[in-house]
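Engineer: Pasting a predicted model and its sequence here:
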Amino acid sequence: MAGWLESLEDFGSSILDAAAEGAAGRIKRELNPDAPHNPSDRPETQYDTQIQEPYDGPESNRPVGGAAVAIRDTWNQYKWWIAGGLGVVAYMAIKGGR
């Protein structure tokens, strides 16, 4: 019986290996397709290195800062959700203590 299980295990592992190799090959072909040798014929590989600063919207006046700025921004945006959540937790703690 052990020989039969070992042969079944070998068969299953060979199927899994073949499927993994096929999937890896497919992913490799999708991510890195064969392209012409001339780089000027491949506009998708030419990256724009000039990153423009935003002129309007929330990112245009974002202050540079660390964790304090991030916490302040989060508190200003979600203060009612945070206060409500803390209120519900406090109510449940008081109600559960009886």
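Structural biologist: The structure has been received and is ready for your questions.

Engineer: Let me see the domain layout of the protein.
Structural biologist: The chain resolves into domains spanning 1-33, 65-98 when parsed by automatic domain parsing.

Engineer: Of these, which shows the lowest average pLDDT?
Structural biologist: The stretch with the lowest mean pLDDT among these is domain 1-33, at a mean of 78.

Engineer: I'd like the domains of the chain laid out as TSV, including mean neighbour count.
Structural biologist: From N, CA and C alone the C-beta is placed, and that goes for glycine too. Formatted as TSV, the domains of the chain follow (neighbours: other CB atoms under 10 Å):
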stretch	mean neighbour count
domain 1-33	9
domain 65-98	10
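
Engineer: Adding distance to residue 56, write those domains out as TSV.
Structural biologist: Below are the domains of the chain laid out as TSV (distance: least, CB to CB, whole Å):
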stretch	distance to residue 56
domain 1-33	35
domain 65-98	18
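
Engineer: which element is residue 50 on?
Structural biologist: Per DSSP states H and E: residue 50 is located in neither a helix nor a strand.

Engineer: again, but for residue 78
Structural biologist: If you go by DSSP H and E, residue 78 is part of helix 67-96.

Engineer: so how far is residue 89 from residue 56?
Structural biologist: Look at residue 56 and residue 89: by CB to CB, to the nearest Å, they are 39 Å apart.

Engineer: and the gap between residue 55 and residue 69?
Structural biologist: Going from residue 55 to residue 69 by CB to CB gives 21 Å.

Engineer: Same question for residue 7.
Structural biologist: To residue 69, residue 7 is 64 Å away according to CB to CB.

Engineer: and if you look at residue 32?
Structural biologist: Counting by CB to CB - residue 32 and residue 69 are separated by 40 Å.
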